[in-house]
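K.L.:
just a sequence and a predicted model for now, questions to come.
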Amino acid sequence: MKHICYSTFLLLIFAVKLVQAQSEEEKLKSIVRLESESYMKKDSVTWKSLYKQDANTVRFYGGNGFYNHNVGWNNFGPTLLGWMKENPKPSSYTAIDMKNYNIQVSGNLATVSYTQRFSAPGIDSLRPSGTLEYRTLVKEGQKWKIVAVMSFDTLSFSSTRQSLVESQFNTTGYNFLNEKKVKEAIEIFKLNVTLYPDSWNAYDSLGEGYAAAGEKTLAIQNYEKSIQLNPDNSAGKEILQKLKAN
């Protein structure tokens, strides 16, 4: 009887955790949808409220033959808010289709990737447009805040998308590392390695994150993988040698 009760208890705990995880995923989906909707509606108050407004918040867009990269809320937030207020008429693209979600949650850090398609039903002159979207969010209290935005035009920017996404995730990880938020940095670096398992630089960064956390064995493993992928990684070799010597 005790064994049955204990098994039932474990199943109950698992079910509760599963529901909690699903609830967090739904919250994150709602936030990224609200971000797009408020932007298209020129609802500056709602759009602003979804962001963490500090010096490490990142916004990147690539497509239509150019890219725009800003680090720090003050380098893009006020400009976009001003544009919304000067052009208050909502966008003609009224239908937003989001799908192909990939959501990772680790403590107070979450990453969300998805495809997004805008269309204007009833307006034949406006062709639908699609983007590939990435978001990094941190939890402050009970609220998720966006700290990194990466948006890629799926038609015109496909050739260089991978290297740019990898670079931006790497930058976001180092932003956390510079703030002494080592756990968050490691989660970003781990995601980058998962997305780009053939990138020596992704493993190098993950090794640095583990080294900062005092996880010497994991740091060594990742630096070794980085050097295996890129034997010319002299900086990584030097750090690896020091890790093994201590």
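P.N.:
Looks like it arrived, so ask away. As the structure is a computational prediction, the values presented were derived from the model and not from experiment.
K.L.:
quick check, central residue of the chain?
P.N.:
Against the mean C-alpha coordinate of the chain, by Cα atoms, centre = their mean, the closest residue is T136 at 3.1 Å.
K.L.:
how about the contacts made by that residue?
P.N.:
T136 is in contact with L109, A110, T111, I146, V147, A148, F169, T172, I188, counting by Cβ atoms under 8 Å, 6 or more residues apart in numbering. C-beta coordinates here come from the backbone N, C-alpha and C atoms, glycine included.
K.L.:
run the chain-centre distance for the helix or strand where A219 lies.
P.N.:
Using DSSP states H and E, A219 sits in helix 216-229. On the basis of Cα atoms, centre = their mean, to the nearest Å, helix 216-229 sits 24 Å off its chain's mean C-alpha point.
K.L.:
now do the SS call for S125.
P.N.:
What DSSP: H, G, I helix; E, B strand; the rest coil gives for S125 is coil.
K.L.:
any low-confidence regions in the chain?
P.N.:
1-22, 63-67, 154-164 (pLDDT under 70).
K.L.:
all strands of it, in order?
P.N.:
58-63, 66-71, 95-106, 109-119, 129-140, 143-153 (DSSP state E).
K.L.:
tabulate these (CSV), appending distance to Y39.
P.N.:
As requested, the strands of the chain are exported to CSV (distance: least, Cβ to Cβ, whole Å):
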stretch, distance to Y39
strand 58-63, 12
strand 66-71, 15
strand 95-106, 10
strand 109-119, 11
strand 129-140, 12
strand 143-153, 10
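K.L.:
which of those strands sits closest to Q221?
P.N.:
Of all the strands of the chain, strand 95-106 sits nearest to Q221, with 19.4 Å by Cβ to Cβ.
K.L.:
got the buried residues for that closest one?
P.N.:
Going by neighbour count (16 or more other Cβ atoms under 10 Å), the buried part of strand 95-106 is I103, Q104, V105.
K.L.:
ok, what's across the strand from the spatially closest residue to the second one that is not a sequence neighbour?
P.N.:
What it means is Q104. In this structure, Q104 finds its nearest non-sequential neighbour in T111, 4.8 Å apart by Cβ to Cβ, 6 or more residues apart in numbering. Judged by DSSP bridges, the bridge partners of T111 are Q104, T136.
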